[in-house]
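A.B. asks: the following comprises the amino acid sequence and a computationally predicted model.
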Amino acid sequence: PTRDVCRFVTIMQGCDNYCSYCVVPYVRGRETSRPPQEVVAEIRALVDAGVREITLLGQNVNSYGQKEGLCSFAELLAQVDAVEGLARIRFTTSHPKDLSRELCYAFRDLDKLCGHIHLPVQSGSNSILRRMNRKYTRERYLERVHTLRRIYPEIAITTDFIVGFPGETRTDFQQTLELIETVGFDSVFAFKYSDRPNTPASRFPEKVSDSEKKRRLWELLEL
């Protein structure tokens, strides 16, 4: 038997989103999902060995199975929820553009699914989100948060921010601060932008100075 109570299980690898600052698609390749029966079998074996909490991992779990014509991510969660002896299910990470209504209802309907979602927004400015190639707007993100809270009011929402992205003006940054106040996140991970080799953003002009990035990061964390 394992001495671990909590374990991670990878359900997919790679990424197809090509955010302009991110090196993952170039390093880990295109997105591929594991068959659901393989995932569930691995979880059953872990539970038989004493594991009680599983965290499902993927660069963007919300698009699980779409390319391969497998079940949806919400359907996979339902299959995992049915594993006897498992107590808790968590997952990370969700891309806001693919957050389905079906997944929102999973929080309400699946007893073992913990009421927490990590939903990285990265910026509160539409012009910066466009430059980041995030494929959603500030308004669409807020709409997703509203839907989650309407369906499952107790949900905890955490997020990521990048400050000082190339071209980020003071106004853009102010919009990020306003988004934080509007949503009232339970926890925030925030980072200063830095160039990653071979990414489009590394070639963008209008770099923000390091001292200004530091100032903005502290201001965000203070809030």
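C.D. replies: Cool, the structure landed. Bear in mind that the values here come from a model prediction, so they are computed numbers and not experimental data.
A.B. asks: next, the buried residues of the helix or strand of the chain with the lowest mean pLDDT.
C.D. replies: Lowest on mean pLDDT, DSSP states H and E among the helices and strands of the chain sits helix 24-28, with a mean of 88. Residues of helix 24-28 classed as buried by neighbour count (16 or more other Cβ atoms under 10 Å): 24-25. C-beta coordinates here come from the backbone N, C-alpha and C atoms, glycine included.
A.B. asks: show the subsequent helix or strand relative to it.
C.D. replies: The C-terminal neighbour of helix 24-28 among helices and strands, as given by DSSP states H and E, is strand 32-33.
A.B. asks: what does the following helix or strand past that following strand contact?
C.D. replies: Proceeding N to C from strand 32-33, the next assigned helix or strand is helix 36-48, under DSSP H and E. Applying Cβ atoms under 8 Å, 6 or more residues apart in numbering, the contact partners of helix 36-48 are 2, 7, 9, 11, 54, 56, 65, 70-71, 75-76, 79-80, 83-86.
A.B. asks: give the contact list for residue 199.
C.D. replies: By Cβ under 8 Å, 6+ apart, the residues touching residue 199 are 20-23, 26.
A.B. asks: show the buried residues in these.
C.D. replies: The buried subset of those (16+ other Cβ under 10 Å) comprises 20-22.
A.B. asks: rebuild these as CSV, extending it with distance to residue 190, secondary structure and pLDDT.
C.D. replies: Converted to CSV, those look like this (distance: Cβ to Cβ, whole Å; DSSP: H, G, I helix; E, B strand; the rest coil; pLDDT from 0 to 100):
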residue, distance to residue 190, secondary structure, pLDDT
20, 19, coil, 97
21, 14, coil, 96
22, 16, coil, 95
